[in-house]
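Novice: I would like the atomic coordinates for the input below:
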Amino acid sequence: MFAFVKSEHSALTARRAAPYKPGMIVATNGTVRGCRPLTDAEVARVLATFSGPYAGRDRALFTLGVLTGFRISELLSLTVGDVRDLDGGVARRVTVARRNMKGRRESRTMPLHARARQALAGWLGELARLGGSDPATPLFAGRKGHHQLRPITRVHAGRVLNAAFAAAGLPHRGSHTLRKTFARNVHRADNRDLLTTQRLLGHKSVNSTVQYLESMPSEELEDLVTGLPIGAPGPLFDPEAGP
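Specialist: This is a model prediction of the structure:
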């Protein structure tokens, strides 16, 4: 939850130190809480921006991020073999090894959405034509000139995503926007079941999950409140129940 502000003076001082930027969440103590998730329309806008020789790779990275909830560093650890099934097609599940997970507590396996598998199929075909069909080949790789394929770095991935956000008219987002988008969508699809969202994110503490969901866009919060069935038949409003 947002930290308690002891005085109006300290709040104003904190806000001057961390000015608001569009898309950022500012707590009552003025500290920036991080980038907010993307709406469905914004996801579509970002997907439409990828271009160039590695558009397939970048689109697959973005798509896996919003549909699996893995962190960027975890996604970049994947190899071709991690997303291929025994028949050479795209697997239906993907596992990030424990050594590549944050905290290295345990590995995590996620089912792959049909759109994620479609994006992977397109990129795997392009990667094979670049000579990257070996199972040990980094999934998100590139090359300069005639050099061998090399995995892209976290910094490079961040630059790619930041460029896509800017091209979509969505400044001040970051790589963690993908994971927060996944969290918001899971929470929304599962009738706001906090424990399910925590499990799918791999959070050790439910408090971490709550902090993710605090960054829900204000328009969604407004829709949530205005959509409450006040006055409609049901347990929320029962004229016979009294105060």
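
Novice: mind listing what's buried in the strand or helix carrying V43?
Specialist: In this structure, V43 is located in helix 40-47 according to DSSP states H and E. Under the neighbour-count criterion of 16 or more other CB atoms under 10 Å, helix 40-47 has E42, V43, R45, V46, L47 buried. (C-beta placed from N, C-alpha, C; glycine too.)

Novice: for stretch 105-116, same thing?
Specialist: For stretch 105-116, burial by neighbour count (16+ other CB under 10 Å) applies to R108, M110, L112, A116.

Novice: the first one bridge partners, please.
Specialist: Using DSSP bridges, the beta-bridge partners of R108 come out as V96.

Novice: if we can go back for a sec, tabulate the buried residues of helix 40-47 (TSV), appending pLDDT.
Specialist: TSV is the format used below for these (pLDDT from 0 to 100):
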residue	pLDDT
E42	94
V43	95
R45	96
V46	96
L47	97
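
Novice: identify the residues contacting the helix holding V43?
Specialist: Contact with helix 40-47 is made by L38, R59, F62, T63, V66, A164, F165, A168, G169, L170, T181, as judged by CB atoms under 8 Å, 6 or more residues apart in numbering.

Novice: and after it, which helix or strand comes next?
Specialist: On the C-terminal side of helix 40-47, the nearest following helix or strand under DSSP H and E is helix 55-68.

Novice: what packs against the helix or strand just after that next one?
Specialist: Elements were assigned by DSSP H and E; along the chain past helix 55-68, the next helix or strand is helix 72-76. Secondary-structure packing of helix 72-76 (3 or more CB pairs under 8 Å, 6 or more residues apart in numbering; DSSP states H and E): helix 55-68, helix 154-167.

Novice: keeping just the C-alphas, turn whatever helix or strand comes next after the last one into PDB.
Specialist: Moving toward the C-terminus from helix 154-167, the next helix or strand (DSSP H and E) is helix 176-189. What follows is the C-alpha trace of helix 176-189 in PDB, where atoms were taken according to Å, rounded to 0.1, in the frame of the first residue of the first chain:
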ATOM      1  CA  HIS A 176       8.300  -4.100 -16.700                       C
ATOM      2  CA  THR A 177       5.200  -2.800 -18.400                       C
ATOM      3  CA  LEU A 178       4.800  -6.200 -20.100                       C
ATOM      4  CA  ARG A 179       4.700  -8.100 -16.800                       C
ATOM      5  CA  LYS A 180       2.300  -5.600 -15.200                       C
ATOM      6  CA  THR A 181       0.100  -6.000 -18.300                       C
ATOM      7  CA  PHE A 182       0.000  -9.700 -17.800                       C
ATOM      8  CA  ALA A 183      -0.800  -9.300 -14.100                       C
ATOM      9  CA  ARG A 184      -3.700  -6.900 -14.800                       C
ATOM     10  CA  ASN A 185      -5.200  -9.200 -17.500                       C
ATOM     11  CA  VAL A 186      -5.000 -12.300 -15.300                       C
ATOM     12  CA  HIS A 187      -6.500 -10.500 -12.400                       C
ATOM     13  CA  ARG A 188      -9.300  -9.100 -14.600                       C
ATOM     14  CA  ALA A 189     -10.000 -12.400 -16.400                       C
END
